[in-house]
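J.: structure for the following, please:
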Amino acid sequence: MKLSRVVARLLKEGIEDRGYQPTGPLRALGILIESVERSSRLYAGDGRVREWNSDPTAFEVFRLTVAKLLDKLRPPGDIDRSADGPLVGQAPEERAEVIFRQIWADLLTATPPVTTKEMIEYYGHYGPASREAVASYGEVSRRSHRAERVRKDLSIQKWEPEK
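T.: Reported below is the predicted structural model:
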């Protein structure tokens, strides 16, 4: 799947999940990244199109362009590294590593969704309190399903425990 479709899907789902307006900064960034994706395609002499997700050279052009774009969009000011700051004394690199590991783990372990009907059938015998659990689990299941689609779209192999 093309990056523009992946980004569009991620942004649409992110906007829906978080209640963002479609005109927000995340949507605008997605539009810019789609433009980078189109502009970073490389055309070989034999007519083949090399894209970021299948060619190392095109990937590097894409990666560098997105990095430059993000550098230009950086808000003015200094990073607050204080113990009282938003990172509570943590370095941005440390926080980024935590975020990356969580997102990557979610992608590697995402599973197909469980329907509400399946949840009720499984948990229904626990009584009314379980209905709240079913609703909560349904939301987790939907997020996992989105992560599974993203993993497949980006050709990321699912992690399987060793047996």
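
J.: relative to Leu69, how far out is Thr111?
T.: When distance is defined by C-beta to C-beta, to the nearest Å, Thr111 is 34 Å away from Leu69. Heads up, the C-betas are built off the backbone N, CA and C, glycines and all.

J.: ok, now Asn53?
T.: Applying C-beta to C-beta to Asn53 and Leu69 gives a distance of 18 Å.

J.: can you map out the helices along the chain?
T.: 3-18, 25-39, 56-73, 92-109, 116-123, 129-153 (DSSP state H).

J.: which elements pack onto the second one?
T.: Packing contacts for helix 25-39, counted by 3 or more C-beta pairs under 8 Å, 6 or more residues apart in numbering; DSSP states H and E, involve helix 3-18, helix 56-73.

J.: would you mind writing the CA trace of it as PDB?
T.: Only the C-alpha atoms of helix 25-39 are listed here, as PDB (Å, rounded to 0.1, in the frame of the first residue of the first chain):
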ATOM      1  CA  PRO A  25      -2.100  20.200  12.600                       C
ATOM      2  CA  LEU A  26      -2.000  16.400  12.400                       C
ATOM      3  CA  ARG A  27      -4.000  16.300   9.200                       C
ATOM      4  CA  ALA A  28      -1.900  19.100   7.700                       C
ATOM      5  CA  LEU A  29       1.300  17.200   8.600                       C
ATOM      6  CA  GLY A  30      -0.200  14.100   6.900                       C
ATOM      7  CA  ILE A  31      -0.900  16.100   3.700                       C
ATOM      8  CA  LEU A  32       2.800  17.300   3.700                       C
ATOM      9  CA  ILE A  33       4.100  13.800   4.200                       C
ATOM     10  CA  GLU A  34       1.900  12.600   1.300                       C
ATOM     11  CA  SER A  35       3.500  15.300  -0.800                       C
ATOM     12  CA  VAL A  36       7.000  14.200   0.300                       C
ATOM     13  CA  GLU A  37       6.000  10.600  -0.600                       C
ATOM     14  CA  ARG A  38       5.000  11.600  -4.100                       C
ATOM     15  CA  SER A  39       8.100  13.800  -4.600                       C
END
